[in-house]
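Student: got a sequence here, can you build the structure:
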Amino acid sequence: MRAATDRRTIAGMDRADVVARNRQYWEALAPRRPGESVEFFSSGGSALNEHELVAVGDVRGRRVLQLACSVGDEALTFAQRGADVVAVDLAPTHLATGRAKAEALGLTVDFREQDMMALEPDLAGFDLIFISWGGICWVPDLGQWAADLAERLTPRGVLVISEHHPLWEVLTVTGEETLTVSGDYFTAARDGYADPAKAPQITRELDAQVQSRSYVWNLGALASALLSAGLTIRSLQEFPEADMYAGLGDQAAHIPATYLLTATR
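Tutor: Next comes the predicted model:
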């Protein structure tokens, strides 16, 4: 299998430039993003929520790839549950944090600095590929990404996407029971965040000067990309998260904030 190229043009920018900008952005944030503590994991904590645990099932003895792993908390949870885990991320400081926690816990996780649009050829034969909140927004070409991941799954292998809902990404709370549209549900690319509440919390705290380029993929675009890649969508669940619509009031429980999708090869 050949590694995917990273020299395409995306929305007027060379893909390599997008990757370089986003790596710089995450490196600026990474020293302030430790994730869960070693004590959290050693006391039996899980970085996956109950819905994610059901979706991934028993991972013992399975080969697992986590994309956009950040400091690798989910990867550590997979390793604790007996999986053979590879975790990739753009930011070397994130990966260093993950490696330090794995060593302290006596766990083996293969942390690699990788652009998930240009994965190394040996990253193949996975029983499970997992990407979680704030991950898929860094994919500039959804069709190519889905096609590449389909090739890297084993027959009957599973792709699990646990994400912020694209509707949440484009809505902003402006008052009790009041929302406004701050983004475009149908146009994916965005530079920075029109609504600061959608940015990682540490971005707001540091007032980071490096501007990222990310993408809001609507559910229709995502489903179409997965189906075109030959994958079968097995489930799609949507969930409310009231605290993600802070200030909205009781109506926050009536609209989706996250989703969980599973697809198989």
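
Student: shouldn't residue 78 be within a helix?
Tutor: Yes. Under DSSP: H, G, I helix; E, B strand; the rest coil, residue 78 falls within a helix.

Student: need the pLDDT of it.
Tutor: For residue 78, the pLDDT comes out at 98.

Student: contacts only, for it.
Tutor: Residues near residue 78 by C-beta atoms under 8 Å, 6 or more residues apart in numbering: 56, 59, 64, 66, 85, 130. For every residue, glycine as well, the C-beta is placed using N, CA and C.

Student: mark which of those are part of strands, please.
Tutor: Within those, residues falling in strands by DSSP state E are 64, 66, 85, 130.

Student: is the third one in a bridge, and if so with what?
Tutor: What that stands for is residue 85. residue 64, residue 109 (DSSP bridges).

Student: give me the number of residues near it?
Tutor: Neighbour count for residue 85, taken as other C-beta atoms under 10 Å: 30.

Student: the first one too?
Tutor: With neighbours defined by other C-beta under 10 Å, the count for residue 64 comes to 24.

Student: ok, and the closest non-adjacent residue to the residue nearest to the spatial centre of the chain?
Tutor: Nearest to the geometric centre of the chain sits residue 135, at 2.0 Å (C-alpha atoms, centre = their mean). Spatial nearest neighbour of residue 135, excluding adjacent residues (C-beta to C-beta, 6 or more residues apart in numbering): residue 68 at 3.7 Å.

Student: ok, now which ones touch the residue nearest to residue 188 when sequence neighbours are not counted?
Tutor: Spatial nearest neighbour of residue 188, chain neighbours left out: residue 215 (4.2 Å); criterion: C-beta to C-beta, 6+ apart. Listed by C-beta under 8 Å, 6+ apart, the contact set of residue 215 reads 136, 137, 138, 139, 140, 142, 188, 189, 190.

Student: other SSEs contacting the helix or strand where the last one lies?
Tutor: So that's residue 190. Assigned by DSSP states H and E, residue 190 belongs to strand 189-191. Packing contacts for strand 189-191, counted by 3 or more C-beta pairs under 8 Å, 6 or more residues apart in numbering; DSSP states H and E, involve strand 213-215.

Student: for the helix or strand following the strand it packs on, buried residues please.
Tutor: With elements assigned by DSSP H and E, the helix or strand that comes after strand 213-215 is helix 219-228. Residues of helix 219-228 classed as buried: 219, 221, 222, 223, 225, 226 (neighbour count, 16 or more other C-beta atoms under 10 Å).

Student: list the buried ones in the strand holding residue 190?
Tutor: Here strand 189-191 shows residue 190 as buried, counting by 16+ other C-beta under 10 Å.

Student: same question, stretch 143-161
Tutor: 144-150, 152-153, 157-161.

Student: so where do the strands sit in the stretch 51-200 of the chain?
Tutor: Secondary structure of the stretch 51-200 of the chain (DSSP state E, counting those that start in this stretch): strands at 63-66, 84-89, 109-113, 126-131, 153-164, 171-175, 178-181, 189-191.

Student: show me the contacts for residue 160.
Tutor: 52, 55, 56, 128, 129, 130, 131, 260, 261, 262.

Student: of these, which is the most crowded?
Tutor: Neighbour-wise, the contacts of residue 160 (other C-beta under 10 Å) top out at residue 130, 28 neighbours.

Student: what is the end-to-end distance of stretch 154-173?
Tutor: 42 Å (C-alpha to C-alpha, to the nearest Å).
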